[in-house]
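**Q** how would this look folded up:
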Amino acid sequence: MSHKTTLMVLICTIVLSACGGGGNANTIPQVTAAPTTTQADLNQAYADELDLIDEVLRNNHPDLFFNISESNYLTELEALKSAVVGESEINFRLASAKFVAQIGDQHTYLIIPEPFLKRFPFEIWWDNDKAIITRAGQGYSEYLGFSIETVDGTDFSSLKDIGMQYLAYQNNHWKDALSPRYIKYADMLVYEGITASNDSATYTLTSHDGVTISLDIPSFDTIEWVEIESTHQRPPLYSRSDDNFHLIVEEDIAYVQYNSAFNTNTYNVDTLISDLNLALSEQDIEKVVFDLRFNHGGVIDHFVPVVEFIAQTEYNNSEQLFVLTGRNSFSSAVGAIYSFKNLSNATFVGMPTGGKPNGYSRVAGLQLVSANALYVATDYLEVTSEEVDTFTPDYLTPFTQADFLQGNDPAISFIRENF
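**A** Residues are numbered from 1 along each chain as shown. As a prediction, the model looks like this:
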């Protein structure tokens, strides 16, 4: 088997997990091989791919054994090579992801493409250990706002730890942010012995008024999602667009949602600055809010020009300028938060960040024969002299079940009521 091992530095957006760092987005180079037709062929392909994963990790990560000793790493690698002999392709993909996650670096991971995974039609938000359904497949939207209690008799909150065996995390906020993505996958639940079949499972749900029901839920290859925010007559500001970034003026607030640190062909940060400048000049704006709660990263320093712009305006004070942070703020989004902290007088509202401020970054990726995608950090970036595992805002405004049911944004409500 011939391997193409050259890595291209890139930044990627969320697929099953997230990555960040610095550089330009490029096509991921692929490893090609002859089709496998027998189990023996598959076994050899598994061994070759694991060797390649080992090679890429060793040759590119700046400190591969910062969290796991090299001897333990090698023991796990050899055990995995033995364990995957005779396994199905999906089990090999899952086992490989768990192996990479044990490195313990949130920017080094393996993604299984969604088309290979069957999924159940619920995604949740953790309100402490209560799993609130905030996204449901078409046909299941009546259960939005319910909490999931069990899956085939297993307490749902215990699945948080199980799901995060596949993705490294360096604080519990990132664990809360990412675990819902894995625990909806039927194949993972079967692999972990939670369910007997990847075709269906019995879910126990509790409504907001305390009524508990049991449902047999099928899995799906693809799902058209319904967001709980869309069920409200006036959806909260954060749910009105999935653009990389955009400006909304509502009442006396100029609200900038910053979801991804990439320009698009039709909208870039210079255009955003122009639009924001026009709004501040021509409209009666009392407060400016930058929302980074759902930003998984992208290009390093991407938002610095925006921060520098707002810092030069009359709104650069703690009573009028606000930055919203949350468990989904990751990678270069955390860098942008520190840009606001260092260059402006903003007040920070929301939740602690899922991204650890200092750490390994500048992610490079390689698409493997299995169609899995391997991502590895290639550098160490320091954005603060503080040794902390998260950025904690000045005021904590966590989302609760009641907020989702009422269509309330706790951070915006807090700002309106207190400033």
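**Q** tell me the domain boundaries of the chain?
**A** 8-109, 116-228, 241-355+389-418 (automatic domain parsing).
**Q** ok, residues contacting stretch 304-315?
**A** Among residues not part of stretch 304-315, those counted as contacts by C-beta atoms under 8 Å, 6 or more residues apart in numbering are 256, 269-270, 272-273, 276-277, 280, 285, 287-288, 290, 316, 320-321, 336, 339-340, 343-344. The way it works is simple: take the backbone N, C-alpha and C, and place the C-beta from them, glycine included.
**Q** among those, which lie within helices?
**A** Within those, residues falling in helices by DSSP state H are V269, D270, L272, I273, L276, N277, L280, A336, S339, F340, L343.
**Q** for the record, mean pLDDT for stretch 378-395?
**A** The average pLDDT within stretch 378-395 is 96.
**Q** is it possible to mark the buried ones in the ones in helices among the contacts of stretch 304-315?
**A** Among the ones in helices among the contacts of stretch 304-315, those classed as buried by 16 or more other C-beta atoms under 10 Å are V269, L272, I273, L276, L280, A336, S339, F340.
**Q** export these to JSON lines and tack on pLDDT and distance to Y380?
**A** Putting those into JSON lines (pLDDT from 0 to 100; distance: C-beta to C-beta, whole Å) gives the following:
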{"residue": "V269", "pLDDT": "97", "distance to Y380": "26"}
{"residue": "L272", "pLDDT": "98", "distance to Y380": "30"}
{"residue": "I273", "pLDDT": "98", "distance to Y380": "31"}
{"residue": "L276", "pLDDT": "98", "distance to Y380": "33"}
{"residue": "L280", "pLDDT": "97", "distance to Y380": "38"}
{"residue": "A336", "pLDDT": "98", "distance to Y380": "19"}
{"residue": "S339", "pLDDT": "98", "distance to Y380": "19"}
{"residue": "F340", "pLDDT": "98", "distance to Y380": "23"}
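**Q** return the member of the residues you listed nearest to Y169.
**A** Nearest to Y169 among these, counting by C-beta to C-beta, is A336 at 20.3 Å.
**Q** tell me how many other residues crowd the residue nearest to that closest one when sequence neighbours are not counted.
**A** Nearest residue to A336, sequence neighbours excluded (C-beta to C-beta, 6 or more residues apart in numbering): F303, at 4.3 Å. Burial of F303 is recorded as 26 neighbouring residues (other C-beta atoms under 10 Å).
**Q** what of L189?
**A** With other C-beta under 10 Å as criterion, L189 counts 27.
**Q** just checking, it touches N198?
**A** Yes: taking contacts as C-beta atoms under 8 Å, L189 lies within contact range of N198: 7.4 Å.
**Q** including distance to V383, could the domains of the chain go into JSON lines?
**A** JSON lines is the format used below for the domains of the chain (distance: least, C-beta to C-beta, whole Å):
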{"stretch": "domain 8-109", "distance to V383": "12"}
{"stretch": "domain 116-228", "distance to V383": "14"}
{"stretch": "domain 241-355+389-418", "distance to V383": "5"}
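**Q** count of residues packed around the nearest residue to E382 once chain neighbours are set aside?
**A** What sits nearest to E382 in space, not counting adjacent residues and going by C-beta to C-beta, 6+ apart, is N358, at 4.7 Å. Per other C-beta under 10 Å, the neighbour tally for N358 reads 18.
**Q** where's L205, which helix or strand?
**A** strand 200-206 (DSSP states H and E).
**Q** what comes up buried for whichever helix or strand comes after that strand?
**A** With elements assigned by DSSP H and E, the helix or strand that comes after strand 200-206 is strand 212-218. Residues of strand 212-218 classed as buried by neighbour count (16+ other C-beta under 10 Å): I217.
**Q** helices or strands up against strand 212-218?
**A** Identification of packing neighbours for strand 212-218 by 3 or more C-beta pairs under 8 Å, 6 or more residues apart in numbering; DSSP states H and E yields strand 200-206.
**Q** enumerate every residue touching L159.
**A** Counting by C-beta under 8 Å, 6+ apart, L159 has contacts V151, S179, I183, L189, I194.
**Q** now the first one: how far from A177?
**A** Distance, V151 to A177, by C-beta to C-beta, to the nearest Å: 20 Å.
**Q** hmm, back to that, export the ones in helices among the contacts of stretch 304-315 as a markdown table, with columns for distance to L215.
**A** As requested, the ones in helices among the contacts of stretch 304-315 are arranged in a markdown table below (distance: C-beta to C-beta, whole Å):
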| residue | distance to L215 |
| --- | --- |
| V269 | 46 |
| D270 | 50 |
| L272 | 44 |
| I273 | 49 |
| L276 | 46 |
| N277 | 52 |
| L280 | 50 |
| A336 | 41 |
| S339 | 46 |
| F340 | 44 |
| L343 | 51 |
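**Q** so what's R181 scoring on pLDDT?
**A** pLDDT, R181: 89.
**Q** need the three-state assignment for it.
**A** Using DSSP: H, G, I helix; E, B strand; the rest coil, the structure places R181 in helix.
**Q** tell me how far Q44 lies from V369.
**A** 11 Å.
**Q** neighbour-wise, which of those two wins?
**A** Comparing Q44 with V369 by other C-beta under 10 Å, the one with more neighbours is V369, at 18 against 14.
**Q** am I right that that one falls within a helix?
**A** No: read with three-state DSSP, V369 is coil and lies in no helix.
**Q** pLDDT wise, what is it at?
**A** Taking V369 on its own, its pLDDT is 90.
**Q** just T150 next, same as before
**A** Value listed for T150 in the pLDDT field: 98.
**Q** the strands in the stretch 201-350 of the chain, which residues?
**A** 212-218, 225-227, 245-250, 253-258, 287-291, 321-325, 347-350 (DSSP state E, counting those that start in this stretch).
**Q** can you add mean pLDDT and distance to T75 and give those back as JSON lines?
**A** Formatted as JSON lines, the strands of the stretch 201-350 of the chain follow (pLDDT from 0 to 100; distance: least, C-beta to C-beta, whole Å):
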{"stretch": "strand 212-218", "mean pLDDT": "98", "distance to T75": "39"}
{"stretch": "strand 225-227", "mean pLDDT": "98", "distance to T75": "41"}
{"stretch": "strand 245-250", "mean pLDDT": "97", "distance to T75": "45"}
{"stretch": "strand 253-258", "mean pLDDT": "98", "distance to T75": "43"}
{"stretch": "strand 287-291", "mean pLDDT": "98", "distance to T75": "45"}
{"stretch": "strand 321-325", "mean pLDDT": "98", "distance to T75": "39"}
{"stretch": "strand 347-350", "mean pLDDT": "98", "distance to T75": "41"}
